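Participant: make a model of this:
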Amino acid sequence: MIFDLGKSIASSLNSLLKTQVTDSKIEATLHDICNQLLSSNVSPKYVDVLKQNIRANVFSKEIPAGVNKGKLVYNAVYDELLKMLDPKSAPIKLERNKTNVVVFVGLQGSGKTTTVCKYANYYKKKGFKTGIVCADTFRAGAFDQIKQNALKIKVPYFGSSDPDPVKVAVEGFERFKKDKFDLIIIDTSGRHTQERELFQEMKNIITKVTPTKIVLICDAGIGQSAEIQAIGFKNEVDVGSIIITKLDGAKNGGGALSSVASTGCPIEFVGIGENMDDIESFDAERFINKMFGLGDVEGLVETVKKLNIDEKEMMKKIGSGNFTLGDYYDIFQQIMSLGPMSKMLSMIPGFSNVPIPDEKDFRKMIYIFDSLTEKELNSDGSFFEKQPSRIFRIAKGSGTSVENVQNFFVQFKTINSVMKKVGNNPGMMDLFNMDPTKMTTTQKAKLRQKANGVLPKDMVDQLNMFLGKN
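Facilitator: Okay, the predicted model is just below:
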């Protein structure tokens, strides 16, 4: 939902960029954007500040001749949204080879227990020896939920039938500390800021285990109310960071993000799905870039590093025009192993305007790949146009339709065409491998020039917009 908000704001701004810009059109665009923010439950006081600041930037300054006023509005909106979502503080960093204790607190039903396991999984993959303590003795099923997810992610866990959550927290903490765990995560019962007795229980746990950090979990669905909850918890305990959950499906996500950021408490992660990998570290600028369809280049680079791809060999194949269906399959399988394909594609500048197929469609592609013969996998697929009977055979063998198979080959043909252009364009891969935020003006100009002849127009437009922001 939050990314739908980003798309609608970006659409309003892009429409302005394509017309003869007048003051009345700027006002109409600002009115439209403010209504979109209000519909996402962003507090009217924050929307009003944003609107006044944008007006001050656009109307109160003498604009030099030749400056694109539409681009000026675009940048002003971008910068103000960045200010709105950036708490201007960073969470405490955890260190390996020492005992880090993190206590999770939050409202009941906020997704806290699931997030505890996602957090454990995230740090386990970072090389931390991680253990989970279930000190939620109030909610029936809390320990079973921890156990089920901990077994799934292969993380040790501790729970007890003792009804005293303080005793359970201390016992689990001491057991994991004795075994020299790097990270001990303690899940506590969900509670409301008005429940004084439960708050005292939470404080007692914190006093006993002296955590490195206290993490507050907020459900994106509560919108502006997140500010009240965040302040309420901060007034009682030393909240070190906040994780906003269920952001992928919350209509009020914009309200929750802006309200929490206004407290000055760092947003450490956001939850964007139900799987154990569906947690993303939060960086306001990267988040705004994704909202605007400008991609997440840093996230993309981090993800690509996880792929077991021989870059030199791949570049050699691309340069010689020998990129085969088998190469495509190898890369496709590795990308699918990293999580939902939609998540990966959303990191690529320009893909926000491209309809991303359902995950079921990606599974159909695997069935099609598995129905190809070794000869077909080692080819560039060109003989399928001359031998349509192969398409009928593959459709039957994969349990898909002829149309599915035809679309599959159209996609591969497009990708292969881009690959060949990239391979035949000296120096382009070097530019693509660079961090755009560290590029010189000359390097950006070269990348724009080379991309114009290789990438689809939508991607070129978004790339130009992204390079203009950095």
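Participant: could you look up the SS state of Lys208?
Facilitator: Of the three states, Lys208 takes helix under DSSP: H, G, I helix; E, B strand; the rest coil.
Participant: now do the contacts for it.
Facilitator: The neighbourhood of Lys208, defined by CB atoms under 8 Å, 6 or more residues apart in numbering, consists of Val166, Ala169, Val170, Phe173. C-beta: built from backbone N, CA, C; applies to glycine.
Participant: in TSV: those residues, plus pLDDT and neighbour count.
Facilitator: Converted to TSV, the contacts of Lys208 look like this (pLDDT from 0 to 100; neighbours: other CB atoms under 10 Å):
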residue	pLDDT	neighbour count
Val166	95	20
Ala169	96	30
Val170	96	18
Phe173	96	25
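Participant: among those, which are in helices?
Facilitator: Cross-referencing the contacts of Lys208 against helices under DSSP state H gives Val166, Ala169, Val170, Phe173.
Participant: let me know the closest of those to Thr130.
Facilitator: Looking at those and their distance to Thr130, the nearest is Phe173, at 13.3 Å (CB to CB).
Participant: could you list the low-pLDDT ranges of the stretch 101-250 of the chain?
Facilitator: Low-confidence regions of the stretch 101-250 of the chain, defined by pLDDT under 70, span residues 192-195.
Participant: can you give me the helices in it?
Facilitator: With DSSP state H, counting those that start in this stretch as the criterion, the stretch 101-250 of the chain has helices at 112-125, 142-153, 165-178, 196-209, 225-236.
Participant: nearest to Ser417, of the ones you listed?
Facilitator: Across the helices of the stretch 101-250 of the chain, the minimum distance to Ser417, taken as CB to CB, is reached by helix 112-125, at 35.7 Å.
Participant: can you list the buried residues in that closest one?
Facilitator: Going by neighbour count (16 or more other CB atoms under 10 Å), the buried part of helix 112-125 is 112-124.
Participant: ok, Ser89 touching Ile267?
Facilitator: No - at 9.6 Å, Ser89 does not count as touching Ile267 under the criterion of CB atoms under 8 Å.
Participant: with neighbour numbers in mind, choose between those two.
Facilitator: When Ser89 is set against Ile267 and neighbours are counted by other CB atoms under 10 Å, the residue ahead is Ile267, at 26 against 13.
Participant: contact partners for the more buried one?
Facilitator: Ile267 makes contact with Leu85, Pro87, Ser241, Ile242, Ile243, Ile244, Leu257, Val260, Ala261, Phe282, Ala284, according to CB under 8 Å, 6+ apart.
Participant: what does Tyr328 give?
Facilitator: Taking CB under 8 Å, 6+ apart, one finds Phe412, Ile415, Asn416 in contact with Tyr328.
Participant: buried only: go through those residues for me.
Facilitator: Among the contacts of Tyr328, the ones that count as buried by 16+ other CB under 10 Å are Phe412, Asn416.
Participant: okay, and the residue nearest in space to the middle of the chain sits in which element?
Facilitator: Compute the mean C-alpha point of the chain, and by CA atoms, centre = their mean the closest residue is Glu280, 5.1 Å away. Under the criterion DSSP states H and E, the helix or strand holding Glu280 is strand 279-281.
Participant: that strand: what's the following helix or strand?
Facilitator: Per DSSP H and E, strand 279-281 leads on to helix 284-291 as the next helix or strand towards the C-terminus.
Participant: spit out the contact partners of Ile186.
Facilitator: In this structure, Ile186 makes contact with Val101, Val102, Val103, Phe104, Val133, Ala135, Ala169, Gly172, Phe173, Ile205, Val209, Pro211, judged by CB under 8 Å, 6+ apart.
Participant: quick one, which of these are buried?
Facilitator: Neighbour-count burial (16+ other CB under 10 Å) is assigned, among the contacts of Ile186, to Val101, Val102, Val103, Phe104, Val133, Ala135, Ala169, Gly172, Phe173, Ile205, Val209, Pro211.
Participant: reformat these as CSV; add distance to Asp327.
Facilitator: Supplementary listing: these in CSV, determined by distance: CB to CB, whole Å:
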residue, distance to Asp327
Val101, 46
Val102, 42
Val103, 47
Phe104, 43
Val133, 46
Ala135, 50
Ala169, 51
Gly172, 48
Phe173, 49
Ile205, 53
Val209, 51
Pro211, 48
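Participant: now do the strands in the stretch 251-400 of the chain.
Facilitator: 267-271, 279-281 (DSSP state E, counting those that start in this stretch).
Participant: relative to Asn14, which of the buried ones among the contacts of Ile186 is nearest.
Facilitator: Out of those, the member with the shortest distance to Asn14 (by CB to CB) is Phe104, at 40.3 Å.
Participant: and the pLDDT for Leu463?
Facilitator: Looking at Leu463, its pLDDT stands at 63.
Participant: about what we covered before: need the contacts of Ile267 in TSV with distance to Gln406 and neighbour count, can you?
Facilitator: Converted to TSV, the contacts of Ile267 look like this (distance: CB to CB, whole Å; neighbours: other CB atoms under 10 Å):
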residue	distance to Gln406	neighbour count
Leu85	43	21
Pro87	49	19
Ser241	49	20
Ile242	48	29
Ile243	44	27
Ile244	42	31
Leu257	42	29
Val260	47	26
Ala261	47	26
Phe282	41	23
Ala284	43	18
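Participant: and which of these is nearest Ser39?
Facilitator: Once CB to CB is applied, the member of those that ends up nearest Ser39 is Leu257, at 14.5 Å.
Participant: check contacts around the closest residue to the closest one other than its chain neighbours.
Facilitator: Take Leu257 and drop its neighbours on the chain: the residue closest to it by CB to CB, 6 or more residues apart in numbering is Leu85, 5.5 Å away. Applying CB under 8 Å, 6+ apart, we find Leu85 in contact with Leu257, Ser258, Ala261, Ile267, Ala284, Phe287, Ile288.
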